[in-house]
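**Q** predicted structure and sequence below. I'll ask about it afterward.
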Amino acid sequence: MTIRDGGLIFGLYEQNCIGMGAGAVTLWRDRHDRRLEALTPGYWLDLARICEEGGLDLIFFGDVLGMYDTYAGSAETAITYGVELPAHDPAVLAGILAAATERLSFVVTASTTYSHPFDLARRFSTIDHLSGGRFGWNVVTSYLPNAAGNFGLDRMIDHDERYEIAEEFLDVTYQLWEGSWADDAFIADPASGLFANADRVRPINHDGKHFRVAGPHVSVPSRQRTPVIFQSGWSPRGRRFGARHAEVIFAGADGPESFVSGLADIRAHAAGQGRNPADVSALSSLSVVTAPTEAEVQRKVDRMQSVYVAEAQMAAFSAWSGVDLAAHTADDLAKRRTGHTESVLQEAGSGPAPLRIEELRRSHRSFYGGDHSGSFIGTPDVVADAIERHARVTGTAGYILRTFVSPETVEDFVTLILPRLRERGLHQPPSAVTTLRSRLRGTDRLPDTHPAARHRWPAVVAR
């Protein structure tokens with residue numbers, strides 16, 4: 001049920017934007033919401049303080065590199081309502097917030113399709129140093145056609161080809177992080193004047209299909225060397241990728257059965273590649289509306305629903321899935337390959353009946369997704385009971401909380417829900433200054449069975 005002693009991991013899902021699609025995109029209009037202040041550092045510093053003092057383990061930053069223009073074939077709806085806009089860089093925030101916190105960790109989403117491995121490795125080593133190792137990378141391949149155009153491509157690269165690029169991308173970063181500097185290369189001895197042993201620093205001279213990188217890495221080894229590898233893909237190809245590389249899967253499952261079967265599939269693939277299946281864990285998505293009484297809960301639900309715009313949320317879903325919810329079709333959408341985030345449609349269409357446009361439109365009538373299994377609405381004891389049941393059924397390692405109203409959602413969670421979960425032995429707040437990997441696994445470094453380990457100097461895994 002857990003990935004370390006002390007119970008479940010709890011994190012907050014965020015994006016460096018105002019209209020956050022993974023919550024309910026138009027709830028920035030709520031009178032209790034502060035997201036219009038998200039263009040200032042004070043907003044983020046306050047949010048990080050709430051998370052750290054409340055005992056959360058991490059903030060997980062999503063990211064996009066383009067506009068959401070699938071709905072009605074235009075970005076008009078996304079711009080009108082601010083769907084995941086402005087799309088500011090979350091890595092910049094991670095460095096700022098790391099300096100203002102001691103125990104809270106940060107996970108940043110970055111694309112292997114529109115980045116370069118040398119540049120990313122340098123940037124992420126910098127953050128790992130500045131945070132003392134409280135850092136992870138959520139590896140994505142990107143899904144927006146508009147992003148492809150922003151990076152000079154005539155078309156979006158095919159879904160499976162993006163994963164092929166990602167495989168080589170990670171191999172290059174592993175060579176830089178794990179194999180470019182020996183553990184004893186960095187000396188920094190003022191008495192002798194020796195900064196580093198040049199004989200213990202080497203180029204990587206990678207010459208592959210998609211990348212050529214000479215090296216060496218220009219950063220000295222950080223505490224973790226390789227940031228903790230998160231991955232969000234839930235399609236068949238995404239699962240195989242996660243099985244090879246991920247330490248933590250942010251699961252795209254829409255129900256307990258799908259979560260259990262999906263994680264079992266990933267772990268089976270991991271074992272087939274020589275990894276310890278227990279080294280791969282998964283976190284679930286969680287959304288909460290809570291208050292001390294049922295009447296107060298209902299007032300919050302009504303208040304949020306009053307500023308919710310279903311069309312804006314459908315514009316977000318259309319971009320995620322590649323299916324235009326403004327269109328009308330009788331197709332079984334779950335069988336369609338769009339090249340976007342394919343697991344979104346697979347999970348939405350996991351029921352016995354064919355998935356239709358009208359069903360998806362109806363599911364967006366409420367800001368919390370109606371009967372969506374990841375939504376827990378009720379008084380604190382009701383929500384805590386639901387989380388405990390879900391955790392015991394699924395074996396999830398923890399939860400990433402989606403924000404509806406910020407910071408109200410996270411304040412309610414850390415003051416009303418987390419204390420009850422701790423009473424049940426389901427969570428312990430971070431109490432020491434550790435790396436993120438140590439918090440999750442009890443060690444700063446990747447295990448020897450991870451594919452990155454074969455690049456260590458000397459190599460510890462023969463291939």
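**A** Sure, I can see it. Numbering: from 1, shown residues only.
**Q** sheet partners, orientation included, of the longest strand belonging to the chain?
**A** Longest strand in the chain by number of residues (criterion: DSSP state E): strand 281-290. Taking DSSP bridges as the criterion, strand 281-290 forms sheet pairs with strand 248-250 (parallel), strand 375-378 (parallel), strand 398-402 (parallel).
**Q** between the ones you listed, which one is nearest to residue 44?
**A** Ranking those by distance to residue 44, with CB to CB as the measure, places strand 398-402 first at 16.4 Å. Just so you know, the C-beta spots here come from the backbone N, C-alpha and C atoms, and that holds for glycine as well.
**Q** for the very next helix or strand once past the closest one, give the mean pLDDT please.
**A** Toward the C-terminal end, the helix or strand that comes next after strand 398-402 (DSSP states H and E) is helix 408-412. Averaged across helix 408-412, pLDDT comes to 97.
**Q** list the contacts of helix 408-412.
**A** For helix 408-412, the surrounding residues in contact (CB atoms under 8 Å, 6 or more residues apart in numbering) are 12, 23, 32-33, 47, 50-51, 54, 56, 288-291, 401-403.
**Q** ranking the strands paired with strand 281-290 by burial, who's on top?
**A** strand 248-250 (a mean of 27; mean count of other CB atoms under 10 Å).
**Q** returning to what we had before: average model confidence for the longest strand of the chain?
**A** When pLDDT is averaged along strand 281-290, the result is 94.
**Q** tell me which element residue 446 is part of?
**A** Element membership of residue 446, judged by DSSP H and E, is empty: it is in no helix or strand.
**Q** next, count neighbours for it.
**A** A total of 23 residues lie near residue 446 under the criterion other CB atoms under 10 Å.
**Q** and the gap between it and residue 26?
**A** Separation of residue 446 from residue 26 (CB to CB, to the nearest Å) stands at 41 Å.
**Q** try residue 169
**A** Using CB to CB, one obtains 35 Å as the distance from residue 169 to residue 26.
**Q** please apply the same query to residue 43.
**A** Computed with CB to CB, the distance linking residue 43 and residue 26 is 18 Å.
**Q** and if you look at residue 414?
**A** Counting by CB to CB, the gap between residue 414 and residue 26 amounts to 25 Å.
**Q** again, but for residue 292
**A** Residue 292 sits 27 Å away from residue 26 when distances are taken as CB to CB.
**Q** so those two - more neighbours on which side?
**A** The residue with more neighbours, out of residue 292 and residue 26 and counting by other CB under 10 Å, is residue 26; that gives 22 against 11.
**Q** please tell me how far the more buried one sits from residue 85.
**A** Between residue 26 and residue 85 the distance is 12 Å, computed by CB to CB.
**Q** list residues touching both of those two?
**A** Between them, residue 26 and residue 85 have residue 19 as joint contacts when contacts are counted by CB under 8 Å, 6+ apart.
**Q** ok, now how distant is residue 86 from residue 385?
**A** Plainly put, residue 86 is 39 Å away from residue 385 if you go by CB to CB.
**Q** show me the strands in the stretch 151-300 of the chain, by range?
**A** Shown for the stretch 151-300 of the chain, the strands assigned by DSSP state E, counting those that start in this stretch span residues 186-189, 194-196, 206-207, 212-213, 228-231, 248-250, 281-290.
**Q** how far is the third one from where the chain is centred?
**A** In terms of CA atoms, centre = their mean, to the nearest Å, the centre of strand 206-207 is set 29 Å apart from its chain centre.
**Q** how about the fourth one?
**A** Taking CA atoms, centre = their mean, one finds strand 212-213 lying 27 Å from the centre of the chain it belongs to.
**Q** and that strand, what's its mean pLDDT?
**A** Confidence over strand 212-213, taken as the mean pLDDT, stands at 98.
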